[in-house]
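J.: Give me coordinates for this.
(chains A, B and C)
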Amino acid sequence: MAQTFPLELHPDRLFPADPVVRAIAQRLYAQIKDLPIVSPHGHTDPRWFADDANFENATALLLLPDHYVFRMLYSQGITLEALGIRRKDGAVVESDYRKIFHIFAKHYYLFRGTPSRIWLDSVFHDVFGLKVTLTEETADLYYDTINEQLAKPEFKPRALLDRFNIELIATTEGALNDLTHHAKLKGTGFEQRVITTFRPDDVVDADRADFAANVAKLGELTGEDTHTWQGYLQALRIRRAYFREHGATATDHGHPSAITADLAEADAAVLFQRCLAGTASSTETELFRGQMLTEMAGMSLQDGMTMQIHPGAHRNHNQVIFERFGPDKGADIPSPTEFVSNLKPLLQKYGNEASLNIILFTLDETTYARELAPLAGHYPALKLGPAWWFHDSPEGMLRFRHQVTETAGFYNTVGFNDDTRAFLSIPARHDVARRIDCRFLAGLVAEHRLTEAEAAELAYELTYGLVKKAYQLQ
Amino acid sequence: MAQTFPLELHPDRLFPADPVVRAIAQRLYAQIKDLPIVSPHGHTDPRWFADDANFENATALLLLPDHYVFRMLYSQGITLEALGIRRKDGAVVESDYRKIFHIFAKHYYLFRGTPSRIWLDSVFHDVFGLKVTLTEETADLYYDTINEQLAKPEFKPRALLDRFNIELIATTEGALNDLTHHAKLKGTGFEQRVITTFRPDDVVDADRADFAANVAKLGELTGEDTHTWQGYLQALRIRRAYFREHGATATDHGHPSAITADLAEADAAVLFQRCLAGTASSTETELFRGQMLTEMAGMSLQDGMTMQIHPGAHRNHNQVIFERFGPDKGADIPSPTEFVSNLKPLLQKYGNEASLNIILFTLDETTYARELAPLAGHYPALKLGPAWWFHDSPEGMLRFRHQVTETAGFYNTVGFNDDTRAFLSIPARHDVARRIDCRFLAGLVAEHRLTEAEAAELAYELTYGLVKKAYQLQ
Amino acid sequence: MAQTFPLELHPDRLFPADPVVRAIAQRLYAQIKDLPIVSPHGHTDPRWFADDANFENATALLLLPDHYVFRMLYSQGITLEALGIRRKDGAVVESDYRKIFHIFAKHYYLFRGTPSRIWLDSVFHDVFGLKVTLTEETADLYYDTINEQLAKPEFKPRALLDRFNIELIATTEGALNDLTHHAKLKGTGFEQRVITTFRPDDVVDADRADFAANVAKLGELTGEDTHTWQGYLQALRIRRAYFREHGATATDHGHPSAITADLAEADAAVLFQRCLAGTASSTETELFRGQMLTEMAGMSLQDGMTMQIHPGAHRNHNQVIFERFGPDKGADIPSPTEFVSNLKPLLQKYGNEASLNIILFTLDETTYARELAPLAGHYPALKLGPAWWFHDSPEGMLRFRHQVTETAGFYNTVGFNDDTRAFLSIPARHDVARRIDCRFLAGLVAEHRLTEAEAAELAYELTYGLVKKAYQLQ
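T.: The predicted structure follows:
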């Protein structure tokens, strides 16, 4: 019989070893660990909740959509074809899901020290009740156990929402999305619980090949003449209202940089025409994206939607992978991001609006203490989103709190985002954030920088209070 | 009766929880905690010490001058008008100091996790003897208790200098300042204890609207023809000598970047004329500031003054606030700062002078390990100033020591600067620095990287020895 | 009698104070501390091993070649002349080695808190058996004790290789080096143990005054016409083969930036001619170096050599020191380094080659989490070298592991490099790395992020397994 190792989730995992600090962390965590999950930013598929069908199998659910997983496997020489990632040219790739799961199991040791390991072990243990670690020897046990359970009614998406104690989850849809799945939820009792988010990148990014077509489609959907600057803006306002009808309380903007602009109306109109005509330079398309961030802030001031800015990812860095497999294959790389000069036009116009909620994210941790905390600790319109993407990890979260808190305080932050399409890992991700926040607070208590009563209040705020306020969910 | 919570300053605050490290930190701290305070760089008002009048009231003393405090309140939607900050247009702002203090008290929880909280609690507890925490419920108690004590003779500025055990405090004055207040101190026994610092930004920064007028005034004050390059330089030498007569041992330079230049004399003279005439481009005014840093280093070599360079703040980032309230309202934001190329012209000329003391500060922590420690660990003329402004905090100080020490050592640093106009918080600020330094040293001892005897020597140096040497105060 | 202090190396040095974590670190360390040293990248003199003569004396061996040591002394005002560093103009410098050693001893306290202190104390204690600390009082004892032992047969270089348990050590030679010393090792039994590394900077960097002469010499050595682009490339292939015959398994590239290029062949040929003719601009010479990195990656794909890229040092920042004493005098300063855009041309061409081993190093720690870990956690061709140069220190190594591991994992790293010419310190340097790695792993175990069995496997890999794989030494 193959050797197996027990899989255990220690109750004190992620707490510091020091017994004084650990004991404080335990007490703080006990008070907030069972609070409902509020997930205001993520990428789960709304179809899951609309159709409420059982998930297919372990490989399709846990591996294929998770670029954290296959980027690591790929970095160690395993081809994406062997992992069953669909090629754009239709070439044959591995289709034996069990075989793919075996490759994953055999290389599971590569994830040692990574957050993927923490999330996956939690899913295996807590969601599927597995009690041995994943190795090549236990791959079949895993694959069969998971698939067997996925077929059960209590593993349907809506049942899992209940089991996971998810009070609210926001998905993210492009501006042209018809929101079919969200519409289908109306009347089910889930329409308040599964909401959308307005993501207009496809109609504001003139570097995209389909930009003009997207703007045209925006016109069709709204009955506005989107070939004019004012018609285009009005169409965006209409779509924002449509998204709000499907629950959206927030917009999201994924731009290469944090550049903003505040052009005179006539200049903006000319720039828009150049973008539509495809004659804009890359400097001009960047300027246009920057102008649109400022326009969106203005619309948020009018319609009250919270605005999320996610800048700084160099998308599809690996051209070969992009051409062969498309986007979101683990080849997005962070790049240096500047906020102080870049945000100035937007902030000059709207930064002093206390009713505005603009949430900033970064992949460049050097900006935490140098730029973001000073900005958020001054401008009423700004708040700081949690550690993002590559930094959504125990060490990344600790760096965020250590570098942001002294200048921005806790109350200019907005709680946790899981930002994931890996639905089953959502409880684990929130649990990591709760543990790390309690650990950070416990350190402050142990060093007599906070009282334990204050830390308990803060633990509640970081887990539940601030997110509801920032995303206007109460 | 309203609920109150005890205010306690734990004797082990800011020490790590680990009992071994804490015990070492306690022993080190016990040896240096009562050393006199040497404050070689700050912004207290010399009038206080010259006139020795009682301070007005809690709000005017503790809140209105402290941009750390009102930037946080402003970030959470409280207007500066409500906090009684004077508007430039003379519009009415809140003038009820008690009411303003109530707003502060009600929102005091916002400072949890910030250094302001540590400093303020220390002032409340140690200076005013308050034993309950500040909340809306205790606001009147606080306001009355503080005001009552401020009216007493033992709370006059000179009495507080004694009580605080301040051996020396340096204020900072512009090059055109007549130093009236320092002059008034002559013969009082305080003239060695309250000294000035020469800050020539207003006569070297040609981006200022009043630059030409300032240079003209410099000519009047010195009897030099400051419309010529040589006359201008000579006038600066004369002002430096005047400041030295009022105790100054150092100059201070607050520039947007660390750019330096070493132009040929004829080129410098032409550039100066363009700056005077107001025809210089922004690149040229930056070059001129850079040239003046090198000129100032040359003058320091002659007259022996220590030179402090504080680069990298984006001043008055919030245009609305600047226009309405003026500078220093919490809207200065750090920006990325480059030292290696920028300082090269100055260093090429003067970097190898062992008799020169140039102290570098930064708001960009990424330069600690990458640029500043390598530079200071090589050039005889360079030393590193302590963690500055947003980074003058427990975590900021720890990052400084962790990132600087291995390459620059301890002996290329210069002790602590409080850099504050919040006079009453000076003991608390120095105490934080002493605790954090002892904590850092204790960690090295616990890990057998230093002996405890060495750490005790270093604790003395970091608290008292190095500052006196770097600022030539012995 | 002068006062002396005992010199002790605590068995738990560099382990954290917390007893739980320390105990785990002790257990992990016990399992790997006696593994052989594999040193795949360094700068020891191959003549030592070829001639196997005794070293001269303490000063010549320990101080004069160690720019870490004299940069610190120089920063505190001690001239390089007083330290006996040879001037290029032949001017007299201190030649009394005992006197120089006394200066060093008197100022040894300056190294408190630096890695040099750790390495030197280890050499004094473990290699020479000294039991008191180095001070002015013990300088003669040290100098005599060390010199006496250096004269013994068991202190000859090959004997020390055995004593230090060095399984393999790689030196670094320029492309034009005749590898005499390595050739001399053939048949001695040391030819597998002391190998060379191919470093072609002198024939690819057209900013060097001797570039054209070097390329001409490359032609003579290989019989190729290096005045043509193809002849030049072929000559490089021939030299690479020659180095491989002398044991080389790797190349090394020290460039000012990480710029790479992938020019069309005709464009590259034209650029090469401009470089040869000395008419290339600095942008063009940079482009040429970038092109050559891509060419070298292509050659590595053919001949299987591991490729090391060391970018980002601003060499010879201190012009005065460079003119007076030459390079490598402690005046190299790190500068900001960008990888994501700069490496793209090379990665687009070769990044997906799983058989390629390209090892990236940085002096800019901000790139660890932001750029390097994401790149290495995706591209099969990339691995991350250990913390380099100024960051080869306890804190630097901890920052590396903390910032890299969560995204790149452990298996995209390559073990430790000592990168030193200080031969006697090699065991101490590897020991520091082993202790810090065990400490880092112990922290993960104590926080239940790894099992101790996994940590033990990883400790072996980080010490011995990964380096042999990355440098193809098995």
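J.: can you count the residues close to the residue of the stretch 151-300 of chain A found nearest chain B?
T.: Of all residues in the stretch 151-300 of chain A, the one sitting closest to chain B is A:D262 (11.3 Å; Cβ to the nearest Cβ). To be clear about C-beta, it is placed using only N, CA and C from the backbone, and glycine gets the same treatment. A count of neighbours around A:D262, defined by other Cβ atoms under 10 Å in any protein chain shown, yields 19.
J.: quick one: it and A:K349 touch, right?
T.: Yes: using Cβ atoms under 8 Å, A:D262 is in contact with A:K349, at 5.2 Å.
J.: list residues touching both of these two?
T.: Applying Cβ atoms under 8 Å, 6 or more residues apart in numbering or on different chains, one finds that A:D262 and A:K349 are jointly contacted by A:T294.
J.: which one is the residue of the stretch 151-300 of chain A closest to chain B nearest to, not counting chain neighbours?
T.: A:P345 (4.0 Å; Cβ to Cβ, 6 or more residues apart in numbering or on different chains).
J.: do the same with A:T135
T.: According to Cβ to Cβ, 6+ apart, the nearest residue to A:T135 is A:A105 (6.2 Å).
J.: residue contacts, that neighbour?
T.: Neighbouring residues of A:A105 by Cβ under 8 Å, 6+ apart: A:L134, A:T135, A:E136, A:T138, A:A139, A:Y142.
J.: separation between the residue nearest to the spatial centre of chain A and chain B?
T.: Relative to the mean C-alpha position of chain A, the nearest C-alpha, by Cα atoms, centre = their mean, is the one of A:D419, at 1.9 Å. Applying Cβ to the nearest Cβ, to the nearest Å, the value for A:D419 to chain B is 24 Å.
J.: tell me the contacts of that residue?
T.: A:H41, A:G42, A:H43, A:W388, A:W389, A:D392.
J.: Now for the fourth one: which residues touch it?
T.: If I follow you right, that is A:W388. By Cβ under 8 Å, 6+ apart, the contact set of A:W388 is A:H310, A:F361, A:T362, A:L363, A:N417, A:D419.
J.: How many residues are close by the residue of the stretch 251-400 of chain A found nearest chain B?
T.: Nearest to chain B, among the residues of the stretch 251-400 of chain A, is A:A354, at 3.7 Å (Cβ to the nearest Cβ). Residues lying near A:A354 (other Cβ under 10 Å) number 14.
J.: next one: A:A212
T.: Counted with other Cβ under 10 Å, A:A212 comes out at 16.
J.: for it, phi and psi?
T.: A:A212 adopts backbone torsions of phi -60, psi -40, taken as degrees, to the nearest 10.
J.: quick one on the thing from earlier: now flag whichever of the contacts of A:A105 is closest to B:F49.
T.: Set against B:F49, the nearest of the contacts of A:A105 by Cβ to Cβ is A:L134 (70.1 Å).
J.: Quick one: residues contacting the residue of the stretch 251-400 of chain A closest to chain B.
T.: For A:A354, the contact set (Cβ under 8 Å, 6+ apart) comprises A:P380, A:A381, B:G77.
J.: Of those, which fall within the contact range of chain C?
T.: When contact is defined as Cβ under 8 Å from any Cβ of the partner chain, the contacts of A:A354 do not meet chain C at all.
J.: export the residues you listed to TSV and tack on neighbour count and secondary structure?
T.: As requested, the contacts of A:A354 are arranged in TSV below (neighbours: other Cβ atoms under 10 Å in any protein chain shown; DSSP: H, G, I helix; E, B strand; the rest coil):
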residue	neighbour count	secondary structure
A:P380	22	coil
A:A381	24	coil
B:G77	13	coil
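J.: Pick the one among those closest to chain C.
T.: Nearest to chain C, judged by Cβ to the nearest Cβ, of the contacts of A:A354 is A:A381 at 26.3 Å.
J.: Leaving out sequence neighbours, find the closest residue to that closest one.
T.: A:A381's closest residue in space is A:L356 (Cβ to Cβ, 6+ apart), at 4.0 Å.
J.: Tell me how many other residues crowd the one you found.
T.: Counted with other Cβ under 10 Å, residues neighbouring A:L356 total 21.
J.: Ok, the one 3 residues further on next?
T.: Neighbourhood size, A:I359 [other Cβ under 10 Å]: 24.
J.: any idea how far stretch A:352-367 is from the chain center?
T.: 15 Å (Cα atoms, centre = their mean, to the nearest Å).
J.: That should have said stretch A:293-312, apologies.
T.: With Cα atoms, centre = their mean, you get 17 Å for stretch A:293-312.
J.: Kindly report the same for stretch A:197-205.
T.: Relative to its chain's centre, stretch A:197-205 lies at 15 Å (Cα atoms, centre = their mean).
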